[in-house]
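In: Using only what follows, build the 3D model:
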Amino acid sequence: MAAYGALVSLSHILDQILLHPPPAYHFIFAREQIESLQIRVLSLLDFLENNYSRKLSSKEMEDLESRIADASYAAEDVIESNLRNQICAKSTEENLVSVDMEENREIHIMIQKFLSIEKDLVDNQSTRKASSSPVPLRIGKNTMVGFEDHLIQIMSMLTTDESDRRIIPIVGMGGIGKTNLATNAFNNPFIIEKFDIRAWFVVSQECTGKEILLGLLHQIINTANRNELEMNDDDELGEKLHKTLFGRKYFIVMDDMWDITAWEIVKRFLPDNNNGSRILVTTRLLNLAVDLGSCTPYELNLLDEAQSWDLLREKVFPEGRCPVELEEIGRNIAKKCRGLPLALVVIGGLLAKSKTEDWKYVEEDVTSAVNNEDDELCMKVISLSYSHLPIYLKPCFLYLAVFPHDFDIKMSRLVRLWVAEGFVRQCGPKSLEEIGEEYLKDLIDRNLILVSKIGISGEVKTCHIHDLLSDLCRREAQKDNFLVLSKLDNNKASLDMQRIRRLSINNCHWKDVTLTASIRSFLTFFSMNLSTYSARRSPLLRVLDVVDRYPKDEILQLINSRYVSCTGLISMSSSSILSRLWCLQTLVVGGELTLPSEIWQMPQLRHVQARRISLPDPPSRGEKSTLLENLQTLSIVKDFKCTKEVTKRIPNLKKLGIVCPTIGSYSLSNLGFFHKLESLSLALSGQKWISNEGEFARLKYLLIHECELVIWESDNTHFPCLEQIHLRTVSLKEIPSDFAEILPLQVIDLYRCKNSLLESVKEVSEERENLGYDALQIRSSVFALLRISVQRGINLALGNGRSRDPYAVVRMSKQVLCS
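Out: Numbers count the residues shown, from 1 in each chain. As a prediction, this is how the structure comes out:
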């Protein structure tokens, strides 16, 4: 929800002012007011996390959420405007006037607003009553196209010879067919004959143990006097259920389970009769499925294109074949449902009652057609996943709306944006990025985010979101002005641009629309003319993520920015006013970046990336400086002067890329003092590298490229965690033979290297096998150049097509994989 995200973001700002003010600036503020406001914010946060019902049932609660968001946004604007004015005044050497209580009148008003909200929230929560009504099982013909194999597997697990009671979890995203699969198994004649007792209960998130026990007893004993049962407490109901089931072979389905608490109460009353009794659980939550124990979770995946078309065709034409003239468009519609069975069934119902000439309109916007059909059934099913999210995950999920459909999202980029937006709340000694990665894993386990690419060690590299979930994000995100996405030109007039907090342009140009003072985040995903999007119009901009060049002077006006990424070929020369960006966390530019000496006074920095970075020496001990304890990424630094002083100033660096003349220059032997380094990229001119024990204890990824390195002396104890080695255009003849004993090592990638190096790598892999380890995955690319005479009249598409050279050089690659 927008309210929670706004509160966490505000708490970060207050924390930074109180606990981590920038060393280069002395802020003037009424500390007691900031502390009082922080107390109110933390109180609301704790209350929401511990007591807030995830299912809203009243208009009053929605209004309170809106009030929380508006108050938080207003407080952010007041505080950060004040800080920006102070920094700009100091930079221009204007006189600063002390800020007394009268000038902090607005903050005092904010405190009163939060006090009022807190009181109303508590009062409203105390009067709300939880309610749940189990949804009755829908019996009828169920389409199982693409599910035949799944049904066979589930039937086998239900009827296997193992006599102990077993809990079988089926897990998958909403609408993927878990209930449908369970229904087909539950109503199968063989199952009906196999079990003495069958019962089905739909578990809502707010279900109590008593409600589950009553629901099961009502089905099993068919009592006429339900009021009599309801008079019993949990233990009495549990004893009745236990006695009824004892000695009999039973099959119970617990459908759509969201929480394990009530289940733990019920489970103890389900006897293990040692006769093959089974409990089938459907859930969207992988972690919950794992916690159930007993059996490995049975995961349902999205259908492939062929299965999708089969399901859609059967739904539209149950009695016959699809007409040839509709097959191509039908296949396109099925493909756009992205393998989600519920979407296919809903769109199939729409097509079945549509004229054939209307199919092309459905094809143009399948997602909207699915969402609007059958009283928005599909969206209602999908939205349950959002409704049941823990409150701290809701803003993170909504933020996925900034990305275009079918966009592969880089995990590191997403987490950094979450951190910059203030959605990640500090907890314990973990870094904000580590907590953010846990948030991402939680959303994946809940089947709300789909994994696109996995790294060597199983970590998520890129991810994406199903189109229907993306539409859900967009619907919810535009509430309370959490986020606005680019729309077609004729829709722009309806937007209140003065209240927008985040603006994402990802599918069309917005002409004649400028940034406004309220906007805190601006993201684009395609090249466009940014001249009308001046940062001066949004002085409190926090996130700037664009793929074009962006004027350096504009960037330096973003005093409160936390995340700046301009991947167009922009270069930034040294400027001391960069340090005015007092809370800058991430800086990414597509060109060269020359950092000023003031960079050593920016402790909030976490990630700095550019094509080439010029990093100044840290100030001498007598000068003003600080530790950059949050800095984790620094890449790619040219002529890196890796002195011991530098390694002390950046103690938590995890990713480093450097380009240097020689290995011995500027004490590169000190690289080993970056004890938390996990990724290292080197471009060197030296011929010999000798590593030492204990230097790279956490290093997982090593890239050495464009290097004259000939000799590499090392052993397995120097790189105990190394997983990948990439050697590109190096003169190295062999790798250290002791690398065969590095247990985590999985991949060695060679590019334009000597044959002797390839043979050496193969020997290391064979030695690993002799030691009982897994063989290495070896990748080797061999290149050759082919010179072709291009004569007049022959159209050969090479490069940019503008070369007048009668000869063209074609690079030919052959990929060799060994294992």
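
In: Please count neighbours and contacts with C-alpha atoms only from this point.
Out: Will do.

In: Roughly how far does Tyr298 sit from Ala182?
Out: Separation of Tyr298 from Ala182 (CA to CA, to the nearest Å): 12 Å.

In: which intervals of the stretch 101-250 of the chain have sub-threshold pLDDT?
Out: Residue ranges of the stretch 101-250 of the chain with pLDDT under 70: 101-104, 121-146, 205, 222-227.

In: now the helices: where do they sit in the stretch 651-800 of the chain?
Out: 755-770 (DSSP state H, counting those that start in this stretch).

In: low pLDDT regions in it?
Out: By pLDDT under 70, the weakly predicted segments of the stretch 651-800 of the chain are 661-668, 782-800.

In: do that again at 90, thanks
Out: Within the stretch 651-800 of the chain, the ranges that satisfy pLDDT under 90 run 659-672, 682-695, 705-717, 729-732, 752-754, 774-775, 779-800.

In: all strands for it, in order.
Out: 655-659, 679-683, 688-690, 701-707, 711-713, 724-730, 747-751, 777-789 (DSSP state E, counting those that start in this stretch).

In: Columns distance to Leu758 and mean neighbour count on top of those strands, output as JSON lines?
Out: Listed next are the strands of the stretch 651-800 of the chain as JSON lines, based on distance: least, CA to CA, whole Å; neighbours: other CA atoms under 10 Å:
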{"stretch": "strand 655-659", "distance to Leu758": "25", "mean neighbour count": "21"}
{"stretch": "strand 679-683", "distance to Leu758": "20", "mean neighbour count": "20"}
{"stretch": "strand 688-690", "distance to Leu758": "19", "mean neighbour count": "14"}
{"stretch": "strand 701-707", "distance to Leu758": "15", "mean neighbour count": "19"}
{"stretch": "strand 711-713", "distance to Leu758": "15", "mean neighbour count": "15"}
{"stretch": "strand 724-730", "distance to Leu758": "11", "mean neighbour count": "20"}
{"stretch": "strand 747-751", "distance to Leu758": "7", "mean neighbour count": "20"}
{"stretch": "strand 777-789", "distance to Leu758": "7", "mean neighbour count": "14"}
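
In: Looking at those, which is nearest to Phe47?
Out: Of all the strands of the stretch 651-800 of the chain, strand 655-659 sits nearest to Phe47, with 37.7 Å by CA to CA.

In: Pull the distance from the closest one to the chain's centre.
Out: 25 Å (CA atoms, centre = their mean, to the nearest Å).

In: and what of stretch 678-686?
Out: 29 Å.

In: Just the terminal-to-terminal distance for it.
Out: By CA to CA, the extent of stretch 678-686 from end to end equals 23 Å.

In: Show me the contact partners of that stretch.
Out: Residues outside stretch 678-686 that contact it (CA atoms under 8 Å, 6 or more residues apart in numbering) are 654-664, 698-709.

In: follow-up on the earlier one: kindly reformat the strands of the stretch 651-800 of the chain as TSV containing distance to Pro21.
Out: Converted to TSV, these look like this (distance: least, CA to CA, whole Å):
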stretch	distance to Pro21
strand 655-659	26
strand 679-683	30
strand 688-690	42
strand 701-707	35
strand 711-713	45
strand 724-730	40
strand 747-751	44
strand 777-789	48
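
In: Tell me which of those strands sits nearest to Ala69.
Out: Closest approach to Ala69 among these is made by strand 655-659 (36.1 Å; CA to CA).

In: between that closest one and strand 701-707, how many degrees?
Out: 10 degrees (axes from the mean of the first three to the mean of the last three CA atoms, to 10 degrees).

In: quick revisit: mind checking which of the strands of the stretch 651-800 of the chain is nearest Pro318?
Out: When the strands of the stretch 651-800 of the chain are compared by CA to CA, strand 777-789 sits nearest Pro318, at 48.5 Å.

In: Surely Ala477 is in contact with Phe397?
Out: No: if you go by CA atoms under 8 Å, Ala477 and Phe397 don't touch, sitting 9.2 Å apart.

In: Tell me, how many residues neighbour the nearest residue to Ile577 once chain neighbours are set aside?
Out: Spatially, and ignoring its direct neighbours in sequence, Ile577 is nearest to Leu556 (7.0 Å; CA to CA, 6 or more residues apart in numbering). As a burial measure, Leu556 scores 16 neighbours (other CA atoms under 10 Å).

In: for Leu556, what are its contacts?
Out: Ile577, Leu578, Arg580, Leu581.

In: looking at these, which has the most residues close by?
Out: Using other CA under 10 Å as the neighbour criterion, Arg580 leads the contacts of Leu556 with 24 neighbours.

In: For Ala610, see how far away that residue is.
Out: From Arg580 over to Ala610 the distance is 20 Å, taken as CA to CA.

In: Look at the residue nearest to Ile577 and report its pLDDT.
Out: Residue-level confidence at Leu556 comes out at 81, pLDDT.

In: Pick out whichever of Tyr298 and Ala182 has more residues nearby.
Out: Neighbour tally, Tyr298 and Ala182, criterion other CA under 10 Å: the higher count belongs to Ala182, 22 against 18.
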